[in-house]
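Trainee: When you get a sec, could you give me coordinates for this:
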Amino acid sequence: MAQGKRIEAMRVVDDAFDANPDNAIAVFTKARIYRRLAKAAESETANSVFLRQALQYAERATMLQAQNAAAWYNLACYMALLDGGKTEVLVNLQKAIELSPSLELEAWFDEDFVRFREDEDFQRLLGKQEPPGRWGG
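Mentor: Residues are numbered from 1 along each chain as shown. Alright, predicted model coming up:
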């Protein structure tokens, strides 16, 4: 998504958010837009600022939609990218997987969790064995 389209998407989401601050879809979407802005950021500082915004909205999304697996998964991703504590990352990832078991496989391949791939607790959460033929294996 081009930068201009991200900004326009943010305006649309902001309008929905302004109309109803408890609009879970708007909150969830706003977190994802901030994540995309972070990915496109040209500096580490901007990346960090956008990721922290994404994290705040993801936390709110989990409060508004506690049964939304994607919200919990994204929260774990954003925490991992911000070098959050392993325990918090894994607790949120576990909640996501409990709600949607298919996320277990997705987490193996998600670059957001690369720093945890060799971690025993991460491997245990995802069924111990990494999928064959991935990341040089």
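Trainee: So residue 37 is in contact with residue 52, correct?
Mentor: No - the pair residue 37 / residue 52 is not scored as a contact, 11.4 Å apart, by Cβ atoms under 8 Å. Backbone N, C-alpha and C define where each C-beta goes, glycine included.
Trainee: Same drill for the two, tell me which one is more crowded.
Mentor: When neighbours are counted by other Cβ atoms under 10 Å, residue 37 and residue 52 differ, and residue 37 comes out ahead with 21 against 13.
Trainee: quick one: buried residues of stretch 52-59?
Mentor: 53, 54, 55, 57, 58, 59 (16 or more other Cβ atoms under 10 Å).
Trainee: Please enumerate residues in contact with that stretch?
Mentor: With Cβ atoms under 8 Å, 6 or more residues apart in numbering as the test, stretch 52-59 has contacts from 27-28, 30-32, 34-35, 38, 71, 74-75, 78-79, 82.
Trainee: Ok, stretch 19-39 next?
Mentor: 1, 6, 9-10, 13-14, 16-17, 46-51, 53-58, 60-61, 64-65, 68, 70-71, 74, 77-78, 81.
Trainee: From these, list the buried ones, please.
Mentor: In terms of neighbour count (16+ other Cβ under 10 Å), the buried residues within the contacts of stretch 19-39 are 9-10, 13, 17, 47, 50-51, 53-55, 57-58, 60-61, 64-65, 68, 70-71, 74, 77-78, 81.
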